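In: all I have is the shape, not the residue letters:
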């Protein structure tokens, strides 16, 4: 039936589902080979460690047969006779993860970096609302990786160490941890989750320490002597008592400038002065490359090692120095200089080509509209990106579906020729005590919100049919809209359900849907 075109969905490609001749295929993403999938034989990747080969990765089929990461390759061959063994390429893996982190910095969050040989770190502060929340962003990220041929585990926590541990040793595919519960969440995980050095893990095994919770009651001094100072540092970073800065990747072609200060600065005036110098240097770099910045990232390194970041966005590519300074001035209160800032840098991870403006346009600017992009950016910085929008028409006959929100600088579509009220109610409200001549006359009087209205003039009806392709209830639905004027000058937009001929079109009840003026 599909091949003959008698179904509404498209037919599957007849050759796409066939396996390749070699029994596997190469998945290519971002221009680099990232994986080789062999579906018929268990496959492991081995890496040379000292004088022996060790399994660094195993496919799901090999894992079901008992092969694990860290097992000797000779032992794995002895357990599985037809095992496919290939050499691991850690350098290629790091290159791919770096490409993926740069893609994330452009599309999802400006702060992304590689976390070890098999993971990434994202700083999602202030960015998940753009994707519908944390859970929806995680599901979107899993779907993106699935299209590349990868499975993943995601954890969102208040500290990078806790997120790293839960993503690799947690039980759930998606873990959303509330702030302040890091110590409780990682307590039952093995010590390997803290990214300890091999020598520290061996010493912990001799002392009988297996879980992270085993380290909590131990005094700091003896713990540092037995397992090393790095162990205490990793434990504090995971629990949130010690900061662990994330050094974000910056696209190679992204302009960036920096300042190494002779003395730490901490006053708003001195910080603003350094930001002004950085903005001037960044604008010069953008002008040289013919680019305009859409996103500008300010990174401040404090004397205690903690990094402070500010991100400003522009609704249109810009290299206006004064505009960028105003944007940073609106967000200066979010910076916490602490004991002082010793390094500051600016980067533009999201840029767009921006050419020169014609001289004729500058001379004849009297009849042109002024660009409101700078105003939109300042209002967005004050009230948030979701509070600023335009209303545009949508291709729908049903009034409550005929409008949608668009970006402030997008062009709105044309409006219908029929007159529409300036204020449309979120949901139509039922009217009572309606007196009207059937079938095509407006109401003479009605009661709305406990107040009686007497109609002195009316116009209509404007008949609107339901969108039958959405659901069965709208198959025969009909609305007759009337524009009426009540005593006192108030004008309303009311409708009656049904055409007063067929019962299936509606029950002839009246509703208020909008107010004119």
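Out: Arrived safely, thanks for sending. Quick caveat, the model's predicted, so the values are computed rather than measured. Numbers count the residues shown, from 1 in each chain.

In: buried set for stretch 400-413?
Out: 402, 403, 408 (16 or more other Cβ atoms under 10 Å). Every residue, glycine included, has its C-beta placed from N, CA and C.

In: sorry, that was for stretch 325-340
Out: Neighbour-count burial for stretch 325-340 [16+ other Cβ under 10 Å]: 327, 328, 329, 335, 337.

In: excluding covalently adjacent residues, which one is nearest to the last one?
Out: In this structure, residue 337 finds its nearest non-sequential neighbour in residue 266, 4.2 Å apart by Cβ to Cβ, 6 or more residues apart in numbering.

In: from the buried residues of stretch 400-413, which ones fall inside helices?
Out: Using DSSP state H to define helices, no part of the buried residues of stretch 400-413 is located there.

In: for residue 276, grab the count of nearby residues.
Out: Using other Cβ atoms under 10 Å, residue 276 has 16 other residues around it.

In: and it, backbone torsions?
Out: Reported as degrees, to the nearest 10, the phi and psi values for residue 276 are phi -60, psi -40.

In: so who does the closest residue in space to it that isn't next to it in sequence touch?
Out: Leaving aside its chain neighbours, residue 276 sits nearest to residue 325 (6.0 Å; criterion: Cβ to Cβ, 6+ apart). For residue 325, the residues meeting the contact criterion (Cβ atoms under 8 Å, 6 or more residues apart in numbering) are 275, 276, 279.

In: what's downstream of whichever strand or helix holds residue 325, the next helix or strand?
Out: Following DSSP states H and E, the helix or strand that holds residue 325 is helix 321-330. Downstream of helix 321-330, the first helix or strand assigned by DSSP H and E is strand 341-353.

In: roughly how far does the residue nearest to residue 337 sit from residue 338?
Out: Here residue 266 is placed at a distance of 8 Å from residue 338 (Cβ to Cβ, to the nearest Å).

In: buried stuff in the lengthiest strand in the chain?
Out: As assigned by DSSP state E, the longest strand anywhere in the chain is strand 451-465. Neighbour-count burial for strand 451-465, counted by 16+ other Cβ under 10 Å, picks out 453, 455, 458, 460, 461, 464.

In: ditto for stretch 222-238
Out: 223, 227, 228, 231, 232, 234, 235, 236, 237, 238.

In: who's in contact with that stretch?
Out: By Cβ under 8 Å, 6+ apart, stretch 222-238 touches 159-162, 165, 182-183, 186, 194-197, 199-200, 203-204, 207, 209, 212, 215, 220, 242-244.

In: list only buried entries from those residues.
Out: Buried, going by 16+ other Cβ under 10 Å: 159-162, 165, 182-183, 186, 194-196, 200, 203-204, 209, 212, 215, 242, 244, out of the contacts of stretch 222-238.

In: next step: the residues you listed restricted to strands.
Out: Using DSSP E, no member of these sits in strands.

In: tell me where the stretch 251-400 of the chain has helices.
Out: 268-289, 321-330, 359-363, 373-383 (DSSP state H, counting those that start in this stretch).

In: what angle do the second one and strand 341-353 make?
Out: So the one you mean is helix 321-330. 130 degrees (axes from the mean of the first three to the mean of the last three Cα atoms, to 10 degrees).

In: domain assignment for this protein?
Out: 41-88, 108-239, 256-353, 423-515 (automatic domain parsing).

In: show the pLDDT at residue 433.
Out: Confidence at residue 433, expressed as pLDDT, is 93.

In: residues contacting stretch 193-204, please?
Out: 116, 161, 164-165, 168-169, 186, 191-192, 210, 212, 226-228, 230-231, 234-235, 238.

In: re earlier: tell me the strands beside the longest strand of the chain, with direction?
Out: strand 443-448 (antiparallel), strand 478-486 (antiparallel) (DSSP bridges).

In: closest one to residue 422 among the ones you listed?
Out: strand 478-486 (12.5 Å; Cβ to Cβ).

In: list the ones among the contacts of stretch 222-238 that fall in helices.
Out: Among the contacts of stretch 222-238, the members that lie in helices (by DSSP H) are 160, 161, 162, 165, 182, 183, 199, 200, 203, 204, 220.

In: in contact with the third one, which residues?
Out: Neighbouring residues of residue 162 by Cβ under 8 Å, 6+ apart: 155, 177, 182, 185, 186, 238, 239, 240.

In: need those residues in JSON lines with distance to residue 55, can you?
Out: Output for these, formatted as JSON lines (distance: Cβ to Cβ, whole Å):
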{"residue": "155", "distance to residue 55": "25"}
{"residue": "177", "distance to residue 55": "31"}
{"residue": "182", "distance to residue 55": "31"}
{"residue": "185", "distance to residue 55": "29"}
{"residue": "186", "distance to residue 55": "26"}
{"residue": "238", "distance to residue 55": "27"}
{"residue": "239", "distance to residue 55": "32"}
{"residue": "240", "distance to residue 55": "34"}
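
In: distance to residue 84 and pLDDT added to the residues you listed, as TSV?
Out: TSV is the format used below for the contacts of residue 162 (distance: Cβ to Cβ, whole Å; pLDDT from 0 to 100):
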residue	distance to residue 84	pLDDT
155	31	93
177	38	90
182	40	91
185	37	92
186	36	93
238	37	92
239	42	91
240	43	88
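
In: coming back round to it: if I look at the residue nearest to residue 337, how far off is residue 278?
Out: 17 Å.

In: neighbour-wise, which of the two wins?
Out: Using other Cβ under 10 Å as the criterion, residue 266 and residue 278 rank with residue 278 on top: 22 against 16.

In: dig out what the nearest residue to the more buried one once chain neighbours are set aside forms beta bridges with.
Out: Here the nearest residue to residue 278 in space, its sequence neighbours aside, is residue 346; by Cβ to Cβ, 6+ apart that works out to 4.3 Å. With DSSP bridges as the criterion, residue 346 is bridged to residue 257, residue 298.

In: got a list of what residue 346 touches?
Out: 256, 257, 258, 275, 278, 279, 281, 282, 296, 297, 298, 299 are the contacts of residue 346 under Cβ under 8 Å, 6+ apart.

In: go with 10 Å
Out: By Cβ atoms under 10 Å, 6 or more residues apart in numbering, the contact set of residue 346 is 255-259, 274-275, 277-279, 281-283, 285, 293, 296-299, 310, 324, 328.

In: quick check: it vs residue 301, distance?
Out: Residue 346 is 13 Å from residue 301, by Cβ to Cβ.

In: joint contacts of these two?
Out: With Cβ under 10 Å, 6+ apart, residue 346 and residue 301 have common neighbours residue 258.
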